[in-house]
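1. fold the following, please.
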Amino acid sequence: MSRSALKDDVFLRMALELSRLGTCCRLKVGCVLLRADGGLASGGYNGALPGMAHCTPETCGPGMRCLHTSHAEENALGFCDGAVHTAYVTDEPCLTCTRALVRRGVRRVVFLRPYASIAEQERAEREGILAHFGVSWEHLDLHGQPTA
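-> Numbers count the residues shown, from 1 in each chain. I've put the predicted structure just below:
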């Protein structure tokens, strides 16, 4: 395994471990952010806002939209300063998180699982943002290999 593939594997596994702390009943997501020099900038997971109740099966679950949870990317960005270059996320970022990541300088996003329920209009808007800023969008497995 090349050094870059090893780093992808390690940071995706770190994001996966962070996702275990998520408090959303529908989906647990983890995120690891790196600076341009490759240094660790921050990490986060999806969860309730501080002091708010966590999700319950009655308020959140498959087929339901979670209203109690901040996204992993949002939480990771909130705990770091300055520009961020790379985001490793267990699940493909939504449009709102994509905007937030790009706004902070992210030029590479690596994720394990695609966001299956994204609307076509949102997908098109995201593609336009990624193309405009030259952001690399990579769907990899846990060995740093591209998925089909």
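2. residue 72 and residue 3, how far apart?
-> Per Cβ to Cβ, to the nearest Å, residue 72 is found 26 Å from residue 3. (C-beta placed from N, C-alpha, C; glycine too.)
3. compare those two and say which is more crowded by neighbours.
-> Taking neighbours as other Cβ atoms under 10 Å, residue 72 and residue 3 compare with residue 72 leading, 31 against 7.
4. I'd say the more buried one and residue 32 touch.
-> No: using Cβ atoms under 8 Å, residue 72 makes no contact with residue 32, being 9.3 Å away.
5. number of residues surrounding the closest residue to residue 136 other than its chain neighbours?
-> Of all residues not flanking residue 136 in the chain, residue 108 sits nearest, at 4.4 Å (Cβ to Cβ, 6 or more residues apart in numbering). By other Cβ under 10 Å, 17 other residues sit near residue 108.
6. if we can go back for a sec, name the residues contacting each of residue 72 and residue 32.
-> 15, 18, 89 (Cβ atoms under 8 Å, 6 or more residues apart in numbering).
7. can you name the helix or strand that the second one falls in?
-> The one in question is residue 18. helix 3-19 (DSSP states H and E).
8. same check on residue 89?
-> strand 86-91.
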